[in-house]
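J.: Predicted coordinates and the sequence they were generated for:
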Amino acid sequence: MGVRRRCRLDAGGREDDSGQRGVSWSVPPRSPCCRKVTFVTAVVDRVKNPRGEGGRLRAEILRAATALLDETGQEQSVTLRAVARRIGIAAPSIYGHFPDREAILFAVVAQAFAELTEALHTARAAGPDPRARPDPRARLTAVTGAYLDFARHRPRRYRVMFGGVWNVTDAVRAAAVTGADAADLGRDAFTVVTDTLQECITAGVSTSTDPDGDAVALWVALHGLAHQQAVVPHFPWPPDLAERLVHRVALLTTR
């Protein structure tokens, strides 16, 4: 059963703050000085979550925010009102799960990094048996390829992950996100790259003597390539450019 609310509209029957519309009627004036007042009864079709299942609403808020971002490519489109309208709730209902818009965007970015981490783990393992890719160079190539694929297939989300109009530094300054939470963003995904490079060093197929530093260089190189391919898609990029980049930055041997 829907939730019935009564709210005021202006005389033109335009939207109120909740973004809902309905059929209006007038209250007849009782004296010449009374103004015409218009009311609306709005029915929201969304069924309330059962008690104890508030986490479901949080997930719905995240899905709605992510969909808005994917559809428009603009962080500005993710507002409390737009998210609430998309899932059929009043905007104040969001505050029980997220204090503000910045917190919603941070959660969207954190979820996107979790998806990237999963993609990198999958590429590294190449299935349930990690021995399916015995050559660590092949594993590193697979991991870096998965990174670039993620950026290619989720360009709008990727842009927000690595700094668009919204960025985590501003969110920290606004106290919407803690510094510790910001520092953890992307850490797990980066660890996959670092560990895979270390495997190459241990196996003697990389001459790197600074795995942490070279992993950072590789991470930055991948981001640069992903960004350039996104903004200049018609450039004649060499098909083996990613492989060349990985071999040189990770100092892989050819044997």
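T.: Now that the structure is in, tell me what you want to look at. If you're wondering where the values come from, they're calculated on a predicted model, not measured in any experiment. Numbers count the residues shown, from 1 in each chain.
J.: Following element in sequence after the helix or strand of the chain with the lowest mean pLDDT, please.
T.: Lowest mean confidence among the helices and strands of the chain (mean pLDDT, DSSP states H and E): strand 38-44, at a mean of 36. Heading C-terminal from strand 38-44, the first helix or strand you meet, by DSSP states H and E, is helix 54-72.
J.: And that following helix, what's buried?
T.: 57-58, 60-62, 64-66, 68-69 (16 or more other Cβ atoms under 10 Å). The way it works is simple: take the backbone N, C-alpha and C, and place the C-beta from them, glycine included.
J.: could these be laid out in CSV, adding pLDDT?
T.: What follows is the buried residues of helix 54-72, written out as CSV (pLDDT from 0 to 100):
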residue, pLDDT
Leu57, 93
Arg58, 93
Glu60, 95
Ile61, 95
Leu62, 94
Ala64, 95
Ala65, 94
Thr66, 92
Leu68, 92
Leu69, 88
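J.: Make TSV out of those residues and add distance to Ala91.
T.: Below are the buried residues of helix 54-72 laid out as TSV (distance: Cβ to Cβ, whole Å):
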residue	distance to Ala91
Leu57	13
Arg58	15
Glu60	14
Ile61	11
Leu62	16
Ala64	12
Ala65	13
Thr66	18
Leu68	14
Leu69	18
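J.: Spatially, which two of those residues are the most separated?
T.: Leu57 and Leu69 (18.8 Å; Cβ to Cβ).
J.: Could you list the low-pLDDT ranges of the stretch 51-200 of the chain?
T.: In the predicted model, the stretch 51-200 of the chain carries pLDDT under 70 at residues 51-54, 127-133, 164-168, 174-176.
J.: try 90 this time
T.: Scanning the stretch 51-200 of the chain for pLDDT under 90 picks out 51-55, 69-77, 99-103, 105-106, 109, 125-135, 155-157, 159-186.
J.: Domain boundaries for the protein, per the record?
T.: 1-45, 51-98, 109-249 (automatic domain parsing).
J.: The stretch 1-150 of the chain: helices as residue ranges?
T.: Using DSSP state H, counting those that start in this stretch, the helices of the stretch 1-150 of the chain run over residues 54-72, 80-87, 101-125, 136-153.
J.: Let me know which of those helices is the nearest to Ala182.
T.: helix 101-125 (8.2 Å).
J.: In contact with Ala250, which residues?
T.: When contacts are counted by Cβ atoms under 8 Å, 6 or more residues apart in numbering, Ala250 touches 140, 197, 200, 206, 208, 214, 218.
J.: With respect to Ala183, which of the buried residues of helix 54-72 is nearest?
T.: Leu62 (21.5 Å).
J.: pretty sure the closest one contacts Val108?
T.: Yes: with contact defined as Cβ atoms under 8 Å, Leu62 reaches Val108; the gap is 6.3 Å.
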